[in-house]
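A.B. asks: My questions are about this predicted structure, shown below with the sequence.
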Amino acid sequence: MASKPAPQPAPVEDPAPEERGVRAHARRNHEKLRVAANIVVAEQGADASLEEISRRAGLGSATLYRHYPTRLILLDVVFHDRVEALNAAAAPLLTSADPGTALVDWVLLLADHFTANLGLAKFLVLAEGAKDLTSAHDQVRDTGKKLLTRAQKAKAAAPDTTIGDLLDLLNSIVLTNERDPLRVRRLLDLAVSGIRR
């Protein structure tokens, strides 16, 4: 008995020229906003004026909110590549032979990224538990937890220290001295003696 031929999928219709034009226009607006957001956030940090971002993109604020419904979603796009780079730089620390040094190196690595990217520290604080964001920021905390656990097992970090403690300490130092990397490093060097046993 001959088998029935498999049903063929319906042909996908090519969008009408006007619809393609609308999509291309939306993509251009999205890119203009992304570029403007990168510039303004680099100047003003996580509290950057959304109106200023719209103005520099040459677009209305309604267009900005259509593409980026919340400030956090906009910051997630702005910082995504930088957070991915931070995670890539931290990955080798997870297999370091000295867990205590690896933990301290991770804290200093975060501090360097935070001072090089104005607003990044605050974004990671705001992103904690937020929905509709990429998962890159969660990986920062997960890496820190793993490094802290390794250091505690090696008796190289105080057993009652939590990842929240470390991030609060780091954020407190960075957020009050974000534009002064040398002071951030000096204060962290003082704090490291409290992290290490």
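C.D. replies: Cool, got the structure. Predicted model only: the values in this text are computed from it and were never measured. Residues are numbered from 1 along each chain as shown.

A.B. asks: remind me which residues of the chain are low pLDDT?
C.D. replies: Scanning the chain with the threshold set as pLDDT under 70 gives 1-22, 194-197.

A.B. asks: show me the contacts for the residue lying closest to residue 33 once chain neighbours are set aside.
C.D. replies: Nearest residue to residue 33, sequence neighbours excluded (C-beta to C-beta, 6 or more residues apart in numbering): residue 57, at 4.8 Å. Placement of C-beta: from N, CA and C, glycine included. Residues in contact with residue 57 (C-beta atoms under 8 Å, 6 or more residues apart in numbering) are 29, 32-33, 35-37, 63-64.

A.B. asks: how does it look with 6 Å?
C.D. replies: Counting by C-beta atoms under 6 Å, 6 or more residues apart in numbering, residue 57 touches 32-33, 36.

A.B. asks: Let's see if you can find the most crowded of the residues you listed.
C.D. replies: Counting neighbours by other C-beta atoms under 10 Å, residue 33 leads the contacts of residue 57 with 24 neighbours.

A.B. asks: what about that residue, which helix or strand?
C.D. replies: helix 17-44 (DSSP states H and E).

A.B. asks: What separation is there between the residue nearest to residue 33 and residue 27?
C.D. replies: For residue 57, the distance to residue 27 equals 13 Å [C-beta to C-beta, to the nearest Å].

A.B. asks: Which strand or helix spans the residue nearest the centre of the chain?
C.D. replies: The centroid of the chain falls nearest to residue 83 when counting by C-alpha atoms, centre = their mean (4.1 Å). Assigning secondary structure by DSSP H and E places residue 83 in helix 71-90.

A.B. asks: can you state the direction angle for that helix and helix 17-44?
C.D. replies: Taking axes from the mean of the first three to the mean of the last three C-alpha atoms, to 10 degrees, helix 71-90 and helix 17-44 form an angle of 70 degrees between their directions.
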